[in-house]
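Enquirer: Requesting a structural model of the entry that follows:
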Amino acid sequence: MPTPPKTKEGEPEEKSQSQMRDMLRKVLLATIGAAAIAQEEIEALVNKLIERGELAEKDGKSLIHEMMEKRKSRTDKIEDEVSKNITDVLKKMNIPSKADVEVLNQKITGLSKKIDELKKQP
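Expert: Numbering: from 1, shown residues only. You can find the predicted model right below:
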């Protein structure tokens, strides 16, 4: 029985991929948690300013909306950077991408059909 491919550190690729997925999951959960906390903090601050009369309610809603848009923009940018970094790490570890696997699957399917055709010939 063939042994599973190993990474440079000697771990099976499957274990390494699992660790990468776990790490990515934790990063995403932390990002979501931070975003929720940030939104709550922004709303609390604006509500305090409205209560004190330092900010009109209409302006407060506008400010909350503006800050949420900026936060979303920054979060999207960070997610793109994290995704790029993960892709780079996977390339360095020689882990094939989903597209690479799909190309190989198509080639295997084509070769299997050719083998079946050759088997049918007398």
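
Enquirer: okay, CA-based contacts and neighbour counts for the rest of this
Expert: Will do.

Enquirer: For Thr109, what is the enclosing helix or strand?
Expert: Element membership for Thr109, per DSSP states H and E: helix 98-120.

Enquirer: what about the helices in this protein?
Expert: 13-52, 57-92, 98-120 (DSSP state H).

Enquirer: With mean neighbour count as extra columns, can I get those helices in a markdown table?
Expert: Shown next, in a markdown table, are the helices of the chain (neighbours: other C-alpha atoms under 10 Å):
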| stretch | mean neighbour count |
| --- | --- |
| helix 13-52 | 14 |
| helix 57-92 | 13 |
| helix 98-120 | 11 |
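
Enquirer: Can I get the ones you listed in TSV including mean pLDDT?
Expert: Listed next are the helices of the chain as TSV, based on pLDDT from 0 to 100:
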stretch	mean pLDDT
helix 13-52	77
helix 57-92	83
helix 98-120	94
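
Enquirer: Counting by contacts, list what the helix holding Thr109 packs against.
Expert: Packing partners of helix 98-120 (3 or more C-alpha pairs under 8 Å, 6 or more residues apart in numbering; DSSP states H and E): none among the helices and strands.

Enquirer: quick thing: my sequence starts at 356, can you match it?
Expert: Understood, numbering begins at 356; the last thing we discussed is helix 453-475.

Enquirer: quick one: that helix to chain centroid distance?
Expert: 30 Å (C-alpha atoms, centre = their mean, to the nearest Å).
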